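J.: curious how this folds, go ahead:
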Amino acid sequence: MLTDEIEADDYVVNGTEKATYRVMLASRVVVGNPYRRHRNGTRLIAPPPGYHSIVGEPGIDLNYPETVVYDNDAIRPAFLVVYGFPPNDATKRMLSTILGLFKMALAS
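T.: The predicted structure follows:
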């Protein structure tokens, strides 16, 4: 959903002003039976009994759709998205770095 990517970009904080790339990890999430809200739930530590997640819908005090799960097993990373406007001389370094990430051994 496009609004999710826009929201993620709103939260980007680069370590330096010289950074020309941004990185986003897109994940697949099992939502189960969601509890729907139209307000922030900053004090919630779990969904109500009978629900598996909380879905915030834009409205009263939410600007973007939000989905919160409380079980790490419900999340599976799917895509690493690198975007930005690279200067021409940095393109090869970026590609080398990204390819190097995928040569690393994954934890099992």
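
J.: so is Thr67 in a helix, a strand, or just coil?
T.: Taken by DSSP: H, G, I helix; E, B strand; the rest coil, the conformation at Thr67 corresponds to strand.

J.: any idea how far it lies from Ala26?
T.: With distances taken as CB to CB, to the nearest Å, Thr67 is found 13 Å from Ala26. All C-beta atoms are positioned from the backbone trio N, CA, C, and that covers glycine.

J.: next one: Asn63
T.: Asn63 is 20 Å from Ala26, by CB to CB.

J.: distance between the ends of stretch 9-23?
T.: Taking CA to CA, to the nearest Å, stretch 9-23 runs 9 Å from one end to the other.

J.: now it: how far from the chain's centre is it?
T.: With CA atoms, centre = their mean, to the nearest Å as the basis, stretch 9-23 stands 14 Å off its chain's centre.

J.: and stretch 68-78, by the same measure?
T.: 11 Å.

J.: kindly state the pLDDT recorded for the closest residue to Ala74 other than its chain neighbours?
T.: Once flanking residues are discounted, Ala74 sits nearest to Val30: 4.5 Å by CB to CB, 6 or more residues apart in numbering. Listed pLDDT for Val30 reads 93.

J.: show the contacting residues for Val30.
T.: Taking CB atoms under 8 Å, 6 or more residues apart in numbering, we find Val30 in contact with 52, 69, 74-75.

J.: which members of those occur in helices, if any?
T.: Among the contacts of Val30, no member is found in helices (DSSP state H).

J.: from those residues, which would you call buried?
T.: 69, 74 (16 or more other CB atoms under 10 Å).
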